[in-house]
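Enquirer: got a predicted model here, sequence first, then my questions.
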Amino acid sequence: MKKETLTAEFIRHTSLESLPQEDLDLIALAKEQLDIAYAPYSNFHVGAAIALANGEKVTGCNQENASYPLCTCGEHNALVSAGNGHPGVSINTLAIVARNPKQPVTQPVTPCGACRQIIAEFEVRQDAPIRLLLSGETGDIYEFDSVKGLLPLSFDRTFL
Ligand code: THU
């Protein structure tokens with residue numbers, strides 16, 4: 001028997017000054033999505049914005065349903081839009097932000113497990129990592145250079 005350790009590195013931006021303008025612009029674009037998120041049940045609004053390798057941007061926000069399991073996440077919807085509208089174009093960066101009218105979101109929103117798996121599949125299909133920028137309404141911003149940091153030992157096509 002041997003005890004193994006999983007580690008993950010990420011950057012914690014404690015101020016906006018350590019982020020380049022293009023990242024701040026992408027986060028701002030994701031924040032615009034918060035106003036159009038459809039989240040009448042949870043009131044938890046999630047916005048996402050994607051920077052494609054060709055410079056184009058794609059956005060998404062969560063879309064809820066009275067049949068709760070049918071709710072779709074903001075980052076999931078943005079990724080589907082990228083896959084549908086820009087086939088074959090790599091995703092460089094995905095920014096995810098959240099807002100909760102009931103209480104301020106003061107720490108970065110981290111993608112749910114299902115979305116981590118979906119992001120992982122996009123990394124596989126483009127054979128390149130996707131940078132993640134995770135933000136709340138205020139507070140620190142987390143930067144991951146790949147979803148691998150959030151989803152170690154992930155299930156992928158090598159098992160099939
Ligand atoms: N949600 C997202 O959009 N992304 C996540 O990664 C976490 C959760 C949404 C789903 C649902 O509409 C609301 O947040 C509350 O779970």
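Expert: It's in.
Enquirer: show me where the chain has helices.
Expert: 21-33, 74-85, 113-126 (DSSP state H).
Enquirer: now do the buried residues in stretch 28-41.
Expert: 29, 30, 31, 33, 34, 37, 39 (16 or more other Cβ atoms under 10 Å). The C-beta positions use only the backbone N, C-alpha and C, and glycine is treated the same way.
Enquirer: give the rounded mean pLDDT of it.
Expert: Averaging pLDDT along stretch 28-41 gives 98.
Enquirer: one more: stretch 113-133?
Expert: pLDDT averaged over stretch 113-133 gives 98.
Enquirer: coming back round to it: any chance of the buried residues of stretch 28-41 in JSON lines, plus distance to the ligand?
Expert: Shown next, in JSON lines, are those (distance: Cβ to the nearest ligand atom, whole Å):
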{"residue": "29", "distance to the ligand": "16"}
{"residue": "30", "distance to the ligand": "11"}
{"residue": "31", "distance to the ligand": "14"}
{"residue": "33", "distance to the ligand": "10"}
{"residue": "34", "distance to the ligand": "11"}
{"residue": "37", "distance to the ligand": "8"}
{"residue": "39", "distance to the ligand": "5"}
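Enquirer: single out the most deeply packed of the helices of the chain.
Expert: helix 74-85 (a mean of 20; mean count of other Cβ atoms under 10 Å).
Enquirer: got the contact list for the one residue sitting closest to the centre of the chain?
Expert: For the chain, the residue nearest the mean C-alpha position is residue 96 (4.2 Å; Cα atoms, centre = their mean). In this structure, residue 96 makes contact with 30, 46, 47, 48, 74, 75, 109, 111, 132, 133, 134, 135, judged by Cβ atoms under 8 Å, 6 or more residues apart in numbering.
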